[in-house]
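> starting from these lines, generate the structure:
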Amino acid sequence: MAGEKWKIGGVTVTRIVESEMSGGLSRFLPDATREAVSEIHLAATAFR
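Numbering: from 1, shown residues only. Down below sits the predicted model:
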């Protein structure tokens, strides 16, 4: 999907992919289980 661009009036918006991965976030955050995240008030309310 590299190179996606949109023109909105006189502005060009270009999509930049910072990183792509497969396997989900557990690959990078193995301890971020539903139970562990639910103990963090801000994370629990933002990601229900």
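> and the gap between D31 and S38?
Separation of D31 from S38 (CB to CB, to the nearest Å) stands at 13 Å. For the C-beta atoms, the positions are set from N, CA and C on the backbone; glycine is no exception.
> these two - which one has more neighbours?
A count of neighbours by other CB atoms under 10 Å puts S38 above the other of D31 and S38, at 13 against 7.
> how about that one, phi and psi?
Torsion angles at S38 (phi, psi; degrees, to the nearest 10) stand at phi -60, psi -20.
> check what pLDDT it gets.
Looking at S38, its pLDDT is 79.
> then A36 would be within a helix, right?
Yes: assessed with DSSP: H, G, I helix; E, B strand; the rest coil, A36 lies in a helix.
> just give me the neighbour total for it.
11.
> where do the strands sit along the chain?
5-8, 11-14 (DSSP state E).
> and those: which comes nearest E20?
Comparison of the strands of the chain against E20 by CB to CB identifies strand 11-14 as nearest, at 16.3 Å.
> can you tell me how far the most far-flung residue of the chain relative to its centre sits from E4?
Residue farthest from the centre of the chain, counting by CA atoms, centre = their mean, is G10 at 28.3 Å. The spacing between G10 and E4, counted by CB to CB, is 19 Å.
> if I8 is in a bridge, with which residues?
Beta-bridge pairing for I8 (DSSP bridges): V11.
> for the protein, which helix or strand comes out least confident on mean pLDDT?
helix 41-46 (a mean of 63; mean pLDDT, DSSP states H and E).
> wait, doesn't M21 sit right on R27?
Yes: applying CB atoms under 8 Å as the test, M21 and R27 come out as touching, 6.8 Å apart.
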